[in-house]
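Engineer: I'll drop the sequence and a predicted model, then ask my questions.
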2 protein chains.
Amino acid sequence: MKKAGFFYCILFFLSAATVRAQSVPLQWQEVAAGIWKATIGQPENVNLLKAAGAQPRQEALQQLGARNFPLPKEDCYAAIQEGKIYLRFPLQQEEQLYGLGLHFQTVNQRGRILNLHVDHYGETDNGRTHAPVPFYVSDKGYGVLINSARYITVYAGTGVRVDSKTPAMPQDRNTDPSWNPQPYSDAVEMLVPAPGTEIYVFAGNTPMEVVQRYNLFNGGGVLPPKWGLGFTERMPTLSTAADIRNEVAAFETHRFPLDFIGLEPGWQTKAYPCTFEWDKRRYPDPAAFTKEMLDKGIRLNLWLNPYLSPASSLYPAVKPLSGSHTVWNGLVPDFTLPAAEQIYKNLFTKTHLDIGVSGYKIDEVDGYDFWLWPDVATFPSGTAAEQMRQVYGLLLQRMTTAWFKEKNKRTYGLIRASNAGASSFPYVIYNDYYNHRDFITALCNSSFIGVLWTPEVRASKTAEEWLRRMQSVCFSPMAMLNAWADGTKPWSYPEVEKQVNEVAVLRMRLLPYLYSTFAQYYFEGKPPVRAMNLVDGFAFRNEAVKGALNATDNPYEMAVRKDVGNQFMLGDYLLVAPMFAGEVKRTVILPQGKWYDFYTGKYAGAGEVIEVAPGLDKIPVFVKDGGIIPMIPPVMRATGNGVLPLEVRHYGELPGSSQVYDDDGETFDYQQGKYTTYLLTAAKDRHGRWKGTVQVRNPLKLQQQYANIKWVFMQ
Amino acid sequence: MKKAGFFYCILFFLSAATVRAQSVPLQWQEVAAGIWKATIGQPENVNLLKAAGAQPRQEALQQLGARNFPLPKEDCYAAIQEGKIYLRFPLQQEEQLYGLGLHFQTVNQRGRILNLHVDHYGETDNGRTHAPVPFYVSDKGYGVLINSARYITVYAGTGVRVDSKTPAMPQDRNTDPSWNPQPYSDAVEMLVPAPGTEIYVFAGNTPMEVVQRYNLFNGGGVLPPKWGLGFTERMPTLSTAADIRNEVAAFETHRFPLDFIGLEPGWQTKAYPCTFEWDKRRYPDPAAFTKEMLDKGIRLNLWLNPYLSPASSLYPAVKPLSGSHTVWNGLVPDFTLPAAEQIYKNLFTKTHLDIGVSGYKIDEVDGYDFWLWPDVATFPSGTAAEQMRQVYGLLLQRMTTAWFKEKNKRTYGLIRASNAGASSFPYVIYNDYYNHRDFITALCNSSFIGVLWTPEVRASKTAEEWLRRMQSVCFSPMAMLNAWADGTKPWSYPEVEKQVNEVAVLRMRLLPYLYSTFAQYYFEGKPPVRAMNLVDGFAFRNEAVKGALNATDNPYEMAVRKDVGNQFMLGDYLLVAPMFAGEVKRTVILPQGKWYDFYTGKYAGAGEVIEVAPGLDKIPVFVKDGGIIPMIPPVMRATGNGVLPLEVRHYGELPGSSQVYDDDGETFDYQQGKYTTYLLTAAKDRHGRWKGTVQVRNPLKLQQQYANIKWVFMQ
């Protein structure tokens, strides 16, 4: 007893001297309907939302309605520790968390630890990814965003505090077979290595509503130009104008859809680092060639990374506006400086945009560490290397998007790095990881964090794999064949050429549905691709199954976690369940309500797990009861002239109502209300026969117009 | 031109406002012969060397001689950036770097980026490892140590600065086939996220001399008790005293050597978190049982992790001295507080050390993140969670080593986390990774950073693998079978029982050589296991071979790097080249000079790459020309009474001279000069016949004594 007294004495002394966490009360201020902001410490000048520069769509947010603050305020804890910000938000038992970056292998993030860091994907879901968005969505109906451009560490329900109000019970591993290496944790804890930060909380009756608020707060989702939803191929890297001419002709010969072509590094005089100047040996007359292609209905997209070659005419002007370190010996412009952007803008608008180039593929703004600037680099604006890393992809997206917008032209391109605030950017993330199954999981995860992702196709070991990948990419935000290194063609596997063509054409036939789905992204904030966890009536819970002891492979008996990352919704009605090479069957988890086979209209199941064996030709797609799918006839280009007959399919037993969205497909005039909607309604008449009606709102005269609506009742 | 002028104007404004890196001149002060220290900023109260608490062996350092500062001082750059420390040290073309942590897959660290972070090993050499020691050794003969207990990021020759004095030339990837994704970098750059730090530079005419200085500066290498170099087995986790009795008997029946037995979690009343109290159901009388075992010449080693169960009697006293977060719901004592250490010491000495327990296996002080305290945790001493993570393994080693030293008893145990300053600790690092080949690479890497590593054996898929692993572990710092989960015995694969026994007995026969080799570690700082890169005359250079373009697997044509991590030196004379399951032959790189087969004395080669196919029975071992290997007859225990006849082998054509070291094998009296040496010299007499002589210095009366020296000339 004497000894214990002695220690308590010491403690008394210690407790006064050593409390280093200075707790700070969070003051929540409602900044939009259902969105609150708090500030702690001294927020930094550079942050994610500022880098993205998007403006909240206040009116659309108003329409989502008012909500109460969705968390117990007293359990939202903040402190300043060692000059860094410590944040804690409560978690309920069984609560699940989504978001926190573009993950490839996991969906539910509860129980995970992430260091959010813009990077290539290193094959582990650890927060180092192309879009490490510090935003999570709870299935309890709220979201939390940390608006800091720092490497934030998130303990998403892992830490167990001594002072927890709901502590886990200690277990004895010697005798208790239910011993759990990861005990219950009642909080998300975050370390923001910054002197201060803004924090946003988003309310919502459902996780989808939370995501909608997030996207609308960030300017609403992107509505791509129509041609952006067609098929695209990226050409082998040293292709010439003649090669492209031949390629376009070959697509025509093979009757394969094509809307835009990507030019890889060889269009420039030098690359890695880049000049951004046309190589006249391969492209003698870029303006004429671009026009020639446009006349064929083909857009050009230019590859680049932003690192500047000493051989570029821009070099002398950019050098003083660049970071201390190079990438591939190219300058890294400090694009937080308007002057640096302006130099690029001058060249890019004059020699690319003005001649009709449609967009960019912005490569290598993510990492990886071995060639990006190190964290010790400095930038002339004073932006830290770490901050620059977190926002560089955002800056490039914001800049280039604005240049096109000034010309009232939409663009649609590719980007390797993004972050919070990017919902409105016309860019799709891609990478080299090339794992088909994990590419689908990334599609699911993209839906929580306001980014788009393409499971691009490059090459395959077998015709089967080729087809399976093509089927997936045709149900994604960008239907892309990336042949930069392999030169593969859509028809490179003759044994499946017909099926590959069919699914590409099917994508083209679904353009009205796709385009309307993207319009929802802009107007309502609903992402076009949706993880199942954003779908009402999806009852499956991500499970953790106790692991088996293995001295080497699993010495701590870690649980095996099950996520649903291999199926997703495309818009309101289509459930897509890709097949992977080597599989002849798969299970599909159907949410509540009845579901029907897309191709046949046959009943598939309701709120249950089904097994499907669709054969090689088809990717399994299911339609929700009452679903309405507008389709056009097969077309080779997404845009054209004249009339497009519309086939409207209705599925199932429930009446339904759905809106087809249309506009000029390439300008921003829709943001001033210049768009048409077709309200399609399917219902039974008094004789019990299905009948479809259409109500056109705000009819516009467009170059290409829907007409001759034909209803098909799929039953 | 007008435009450029405008930008330069802006620049002028910027350069004044935004230089955030505040350069600080480094003042080098010689703190021991050939060792310099500089301080930048405000070094923190907690650092690695302080946590380790080792005292430099000034006298031994003096003996190594004086050296000049080994780097151009003007190129050692330091700055304070955003309150963090930025360090830069120069690199020459072709210079190679070793160290920076216990890596498993790479040896040369030049061109790598490491975030030094105590952690389990996640199967990637990224700095997250059990001993992320911030110390590197250059093949140009110097070493650099950063004495900070923070997560240091090291760019080991990757960044290319705009202001580099020796910049790499930009290349055009479009046209230049020699384009290199990782251009030449002329510096090591480091980010130390602390307001200040100490930096040490070590000189040396060779990399080995640098390592010697490092180890001597950190107290000299450990000399284990003799029994520590015998064979050890760790028992299945819930073993009882009776089980252990039976196991010891079984070892005797199988005539298999055994010196100490490890008790896994079941010796405690509760584990994960721990009570540190004997479970009387399994060990009714721990003191009597420990004595019973000691009487058989068997020591007991106790498993623990330091996290305290609420069921332990220590809990109330430790609670106020613990961190904010738990591990498996156990308290994390703040061992930077003497009071916390004292509480543990009281229980441990009374109930473990005083009854004869020989040491500990200290588990789970490394990570991984999912159960260790998060970086947001706080500790009553004010030590940051990050710092505590970096030093916890050191603290546990320092504490327990001191408790044994107070009793003038050496200990030898296992630890999962270590760091700089640990050379003198009697602990061997281990983990669950269990990749035989990579375990050997870890052995190599351990030699640069003052730690020991065991490629422990647990289980195997085949008898061949079992034997190959056993052969390796018997040539390592701890010959351990870790059967905690599998219960495997050395003789579990009857088809190789004989060979397993042979190699274990061979280790016992080599004890004089092993013990003398460890004595070198203490007296001269030379590590017992040595990477080839520490060996004079090892001419192989780690190569990088240009990678082949592959759109998915290698889109950036990354180079393939070749390291020599599959062979090592054990002491001055033995080159060990383990065989791996599935291999019937392998190449061995022999340093300059002639080398001989250990078993036969046959000439093997000189300064060349040879191929060997030793058969299943043997692990390839080669002896340097002139090498002298002292051996004893087969023994089952490393310690005993009476006389040990010594067989002294001499190999090759060169005369040789070598010292056998001996002492009482269990106390620290050797540190006061109580040890005997036998200087063995082999030379040809005037008739050209080999002759061996021995010169005994400071003969002591020991319980067990070398005698009857017999020379064997292996030719």
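Structural biologist: Structure received. Source: prediction; values computed, not measured.
Engineer: Name the helix or strand of chain A that has the lowest mean pLDDT.
Structural biologist: Confidence across the helices and strands of chain A bottoms out at helix A:2-18, with a mean of 41, counting by mean pLDDT, DSSP states H and E.
Engineer: for the record, mean pLDDT for the next helix or strand after that helix?
Structural biologist: Per DSSP states H and E, helix A:2-18 leads on to strand A:22-24 as the next helix or strand towards the C-terminus. The average of the pLDDT scores along strand A:22-24 is 90.
Engineer: Okay, now the sheet partners of strand A:22-24, with direction.
Structural biologist: Neighbouring strands of strand A:22-24 in its sheet, by DSSP bridges, are strand A:77-81 (antiparallel).
Engineer: Quick one: distance of the partner strand to the chain centre.
Structural biologist: Its chain's C-alpha centre and that of strand A:77-81 lie 31 Å apart, by Cα atoms, centre = their mean, to the nearest Å.
Engineer: Dump the C-alpha coordinates for it into PDB.
Structural biologist: Provided in PDB are the C-alpha atoms of strand A:77-81 (Å, rounded to 0.1, in the frame of the first residue of the first chain):
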ATOM      1  CA  TYR A  77     -14.000  15.800 -29.800                       C
ATOM      2  CA  ALA A  78     -11.100  17.900 -31.000                       C
ATOM      3  CA  ALA A  79      -7.800  18.700 -29.500                       C
ATOM      4  CA  ILE A  80      -4.500  20.300 -30.400                       C
ATOM      5  CA  GLN A  81      -1.600  17.900 -29.700                       C
END
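Engineer: now it: mean pLDDT?
Structural biologist: The pLDDT scores in strand A:77-81 average 96.
Engineer: And for stretch A:348-358?
Structural biologist: Stretch A:348-358 shows a mean pLDDT of 98.
Engineer: just stretch A:570-579 next, same as before
Structural biologist: Mean pLDDT, computed over stretch A:570-579, is 98.
Engineer: next one: stretch A:93-111
Structural biologist: Here the average pLDDT along stretch A:93-111 is 96.
Engineer: again, but for stretch A:413-427
Structural biologist: For stretch A:413-427, the mean pLDDT works out to 98.
Engineer: And for stretch A:624-637?
Structural biologist: The average pLDDT within stretch A:624-637 is 98.
Engineer: list the buried ones in that stretch?
Structural biologist: Neighbour-count burial for stretch A:624-637 flags A:Lys624, A:Asp625, A:Gly626, A:Gly627, A:Ile628, A:Ile629, A:Pro630, A:Met631, A:Ile632, A:Val635, A:Met636, A:Arg637 (criterion: 16 or more other Cβ atoms under 10 Å in any protein chain shown). Backbone N, C-alpha and C define where each C-beta goes, glycine included.
Engineer: repeat for stretch A:330-347
Structural biologist: Of the residues in stretch A:330-347, those buried (16+ other Cβ under 10 Å) are A:330-337, A:339-345.
Engineer: Intersect those with the contacts of chain B.
Structural biologist: Among these, proximity to chain B is found for A:Gly330, A:Leu331, A:Leu337, A:Ala339, A:Ile343 (Cβ under 8 Å from any Cβ of the partner chain).
Engineer: ok so the fourth one is a strand residue?
Structural biologist: Right, A:Ala339. No. Using DSSP: H, G, I helix; E, B strand; the rest coil, the secondary structure at A:Ala339 is helix, not a strand.
Engineer: wouldn't it be in contact with A:Ser322 here?
Structural biologist: No. Applying Cβ atoms under 8 Å as the test, A:Ala339 and A:Ser322 come out as separate, 11.2 Å apart.
Engineer: from the buried residues of stretch A:330-347, which single one is nearest chain B?
Structural biologist: Closest approach between the buried residues of stretch A:330-347 and chain B, by Cβ to the nearest Cβ: A:Ala339, at 4.9 Å.
Engineer: per-residue pLDDT, the closest one?
Structural biologist: At A:Ala339, the model reports a pLDDT of 98.
Engineer: Could you list the residues of the stretch 301-450 of chain A in contact with chain B?
Structural biologist: A:309-311, A:316-317, A:319-326, A:328-331, A:337, A:339, A:343, A:346, A:369-371, A:373-382, A:384, A:432-434.
Engineer: Pull out the buried members of the residues you listed.
Structural biologist: For those, buried by 16+ other Cβ under 10 Å: A:309-311, A:317, A:320-326, A:328-331, A:337, A:339, A:343, A:369-371, A:373-382, A:384, A:432-434.
Engineer: Sitting in strands, which of those do you find?
Structural biologist: Among those, the ones falling in strands (DSSP state E) are A:His325, A:Thr326.
Engineer: How many residues are close by A:Asp553?
Structural biologist: For A:Asp553, the neighbour count with other Cβ atoms under 10 Å in any protein chain shown is 11.
Engineer: Let me see the backbone angles for it.
Structural biologist: With angles defined as degrees, to the nearest 10, A:Asp553 sits at phi -80, psi -30.
Engineer: Touching stretch A:243-258 from outside, list them.
Structural biologist: Contacting residues not belonging to stretch A:243-258 are listed as A:230-233, A:235-236, A:239, A:261, A:263, A:289, A:292-293, A:296, A:298, A:489-491, A:497, A:501, A:504-505, A:507-508, A:635-638 [Cβ atoms under 8 Å, 6 or more residues apart in numbering or on different chains].
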